[in-house]
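> Next input, structure requested:
(3 chains)
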Amino acid sequence: MPVSTMVTKIARQVLTVIFVVALLTFIVGPLLWLAIRAFSTSWTYPRLLPDGWTLQWFGRVFDDPQLFSSIRLSIEFAITTLIVSSVICLPAAYAFSRFDFPGRRVFLIGLFATNAFPKTGLYVALAALFYAFNLMSTFGGVVVVHLLGTIVFMTWIPAAAFASVPRSFEEAARDAGGGRLRVFFTITLPLAMPGILVALIMSFLASFDEAQGTYLVGAPEFYTMPTEMYSLVLNYPRQVAAVFSILLSIPSVVLLMLVRKHVMGGQLAEGFQIR
Amino acid sequence: MSTNSVGEEQQSGLVLRGVGKDLGGRTIVDDLDLVVAKGELVCLLGPSGCGKTTTLRMIAGFLNPDVGTISIDGEIVTRVPPEKRPTAMVFQNYALWPHMSVFENVAYPLKLRRTPKNEITARVHEMLELVNLMHHEKSRPARISGGEQQRVALARALVQRPAVLLLDEPLSNLDAKLRVRVREDIREIQQRLGITTVIVTHDQDEALSISDRVAVMNSGRIEQYSDPTELYRSPATRFVGGFVGAMNTLDGELRGGADSTVAVVGGVTVPVDTPATPGTAAGDRPVSLGVRPENVLLGPVEAGASAKIIRSIPRGHFTEMVIELATATGEPTELRAYLDDRSPIARLGPGDAVGVRLHSVLSYDQDGRLR
Amino acid sequence: MARRHTGTGPGSRIKIGGLLMASPPIIVAAVFVGFPIIVAIAYSLGHVGGLNRTIATIARGQHTVGAWDRMSLGAYRDVFTDPRFTHDLGVTIIVTLIATLAVTALAWVIAVYLRTTPEGAWFRSGVAKLISGLAVVPMFIPVVIASWAMLTFYAADGFIRSLCADLGFQGPTWGYTMVCVAIGLVWTNLPFATLMITSGVQSVPDALIEAARDAGAGLLTIVRTVIAPLTIVPTVIALTFTAIGTLGAFTMPYFTGPNAPSMLGVDMVSYFRSYNRPQQSVVMAVVVFAVAAVFGAFYVWANFRSAKDSGRV
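Modelled structure (predicted):
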């Protein structure tokens, strides 16, 4: 190998390493910095590690009934949203993928409207309606806000998943003697499951992580884990917020790990390319 | 060949009467009649877009005909949904469900019929043995070869004990070597079970080699429906002649009496040994002649009409010659001929002169129908 | 797989059935997005009757009109003459543009790196695996947590400043500044953009790239002339969703930004909740919608264009 190519190759590798280290610091650094704080007694600037280690802050969170009830509330909202969203969106996703009806494409892209308006603006606009219908500070009102954040996921991704099941798989099952419903549940649904699972988990997390709309519509009646963070940061030691952050991240990390392969494998991206 | 005897409908496995279908404003299948006897294997042969797949999908029940009736074993099934029809289909891409094992794929139709568990196992095993796939029972479809997938699809269809077995381009996804073997396997299994079968194909070799009868389709209609030999020997239309095997088409006519017939092409007479259909002497209507390349006989110049060799193409076990007939009008008329390699003519090259005689000449009227 | 409605039933019945099945999410979008926006626009123009009555009774500093065919631009005048608003509008747009472009550029670099990594090159495939994994990490983390983490990381006593101090110089304090907001928004939006663009770039057939390489094109030329034109739609989707998400961001600027100037998401919430002036808040929402509509139109255009290209419309 000539010296000049060797030099370019090494230079390129050095540049790559710098890029990777920068990306690593940018992405993981803040999370690590926060996570370590949860186990720290105190932390003096400019030390790169805490002054001492402790688990006392975890006890503080677990002993606080208010914080704990917010965790339960978050899960209740997420599950309710998921059920409502599934009932509303999954049949529609199937229809979008399998039937041709007037306005199919326009409607499919039109659902983008739920994401086309900047969220805060949309919630402010919704507020007038919610006051009129007494939905402000109600469980139903918060579910509606969470539901809006899931519609695109729950329709587009499953629609793409259903569409990717070859028609002939269903026909073969009809031919073998299966009625429409039977074929749907034994053939189409299992094959579309990875996409639906991605959609379900994205929706669960969208609801679980939603903060601004819940704050605007739910407060002061309903404080979920994310909205609790708003006041937590101001009223508690920073370590408590860090512990709370770790707790709040656990469901996201676990659930997304389950479908990581499908998300990275393009189920999500496929859903956002309207066909 | 399709004699319309009394009681045919009762004995027949599958009958289509006046079936028509429009899709997207186009007529795909037009007033189609087809009778398949019980236990018979029939190929629907035709170019892509001729309506053969649409016909098959109507037989299976995936499409409803706009007009006409379909009956199976004497019972009208025109509006019966696919799951209630006594048909079973092997799909072109096999449509094996990827989330089920080979066993589960084959067992699926039986499970739907609430067959007892031990009977399911027995029947699935019987089918897998029939197609020689017992060792792949537990495999997922993605893990086995294309030929094996095809056999699973066949087993899944046969396990339903259908009255009519339908195969959509069953060999198109296999490589050339495998195709010959698989089609023989299909034929053997079909004959052993005596099952009424309809196969859609665009491959004339496939159709000719395994069918009892072949229906050649073009633009939504059946142009000819007969056994393979008849189909090849006397194609009913110029289209069939051109689609099934190679055919030279000449503008000209047949003349002469019982003992000596000649073909008159471009003002030149070419001696004809045996006309397949004796043409009329009257030359008042323009006709065209069809002759298979193996029926173009080349010999020494004095033995026939004079012609010149243009190209000689070695084809392995025979030689294909493109020759040009010296016509009186000066209009060049090309003919293709197949020659035995051992013939001395096969050693001649471009530019050399030969004498042409024809054998089994077919003559067609201006609509392209056999006269 | 583009075949649809080839079912056995009569076509018209399937069409109506399909429309019925598809309608619930459309109705939800119409009732809870389309309708409130119209009501809100009416409110912003001074219509305080009907559905706006409740909110209007508790609001301060409203401009109202008496008849349905009149309108008042008073609330708009209020908002636009407020120097804080015009300033924050500018800040919001600038942050949105910077974050969107940075996210898209970063996603493209990652996507191209992944696409051009040859099989068997251990160093490169190791790096590829690492960065593709890194890029989706933010998707796993709730925005509230991310905001809080960003703030502590870039704060006066955060990691960056600590590290700089240990190395012997004064580091920048980005916590509570717009810089931290922009960094945070890039962080949260990176996974979606990366997934979209990576998937688009991956789907460019090998043969097209090899043919270009065979014709003598270098990496940049291939990206510019082959990969980019075939990845327009995913790129536009990534751009639009990032831009719209950033425009309406609340949590990230609320946590990590300064009190003023801030982004409109924060202003809207404080006008609504703290100052009790929902009409002005709605006016800001309408302005933000107008900006978002530009991005949205771009998205719809790209989608229909791609549909036209592939003969689907």
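> Quick check, the residue in chain C closest to chain A?
residue C:248 (2.3 Å; C-beta to the nearest C-beta). From N, CA and C alone the C-beta is placed, and that goes for glycine too.
> Now do that residue against residue C:266, distance only.
11 Å (C-beta to C-beta, to the nearest Å).
> quick one: the helices in the stretch 51-200 of chain A?
Ranges of helices within the stretch 51-200 of chain A are A:56-63, A:65-98, A:104-110, A:113-116, A:119-132, A:139-148, A:151-163, A:167-175, A:180-183, A:189-209, based on DSSP state H, counting those that start in this stretch.
> Which one of those lies nearest to residue C:283?
Shortest distance between residue C:283 and these, using C-beta to C-beta, is found for helix A:119-132: 9.8 Å.
> Can you name every helix or strand that the closest one contacts?
Judged by 3 or more C-beta pairs under 8 Å, 6 or more residues apart in numbering or on different chains; DSSP states H and E, helix A:119-132 is in contact with helix A:139-148, helix A:212-218, helix C:35-44, helix C:53-58, helix C:264-269, helix C:278-309.
> show me the contacts for the residue of chain C closest to chain A.
A:117, A:118, A:119, A:120, A:121, A:122, C:265, C:288, C:292 (C-beta atoms under 8 Å, 6 or more residues apart in numbering or on different chains).
> Any of these buried? List them.
Of the members of the contacts of residue C:248, the ones counted as buried by neighbours, 16 or more other C-beta atoms under 10 Å in any protein chain shown, are A:117, A:118, A:119, A:120, A:121, A:122, C:265, C:288, C:292.
> Give me every residue in the stretch 1-150 of chain B lying close to chain C.
Residues of the stretch 1-150 of chain B found near chain C (C-beta under 8 Å from any C-beta of the partner chain) are B:61, B:62, B:63, B:64, B:81, B:82.
> repeat that for 10 Å
Taking C-beta under 10 Å from any C-beta of the partner chain as the measure of proximity, the stretch 1-150 of chain B contacts chain C at B:23, B:57, B:61, B:62, B:63, B:64, B:79, B:80, B:81, B:82, B:83.
> Correct me if wrong: the last one contacts residue A:178.
It refers to residue B:83. Yes. Counting by C-beta atoms under 10 Å, residue A:178 is a contact partner of residue B:83 at 5.5 Å.
> Which one's more surrounded, those two?
The neighbour comparison of residue B:83 against residue A:178 (other C-beta atoms under 10 Å in any protein chain shown) goes to residue A:178, with 22 against 19.
> and that one, how far is that from residue A:99?
19 Å.
> how about the spatially closest residue to residue B:82 that is not a sequence neighbour, what does it touch?
Using C-beta to C-beta, 6 or more residues apart in numbering or on different chains and skipping the chain neighbours, the partner closest in space to residue B:82 is residue B:61 (3.6 Å). The contact partners of residue B:61, taken as C-beta atoms under 10 Å, 6 or more residues apart in numbering or on different chains, are A:171, A:174-175, B:70, B:77-85, B:87, B:89, C:8.
> what's the burial count for residue A:90?
The number of residues packed around residue A:90, counting by other C-beta under 10 Å, is 23.
> actually residue C:122, not the one I wrote
Around residue C:122 there are 7 other residues, counting by other C-beta under 10 Å.
> so where's the chain shaky on pLDDT?
Answering for chain A, as no chain was given. By pLDDT under 70, the low-scoring segments of chain A are A:1, A:265-266, A:269, A:271, A:273-275.
> My question was about chain C, not that one.
For chain C, residues meeting the criterion pLDDT under 70 lie at C:1-14, C:50, C:54, C:66-69, C:120, C:260, C:307-313.
> mind redoing it with 50?
Scanning chain C with the threshold set as pLDDT under 50 gives C:1-10, C:313.
> Residue A:93 and residue A:158 touch, don't they?
Yes. With contacts counted by C-beta under 10 Å, residue A:93 reaches residue A:158, the gap being 3.7 Å.
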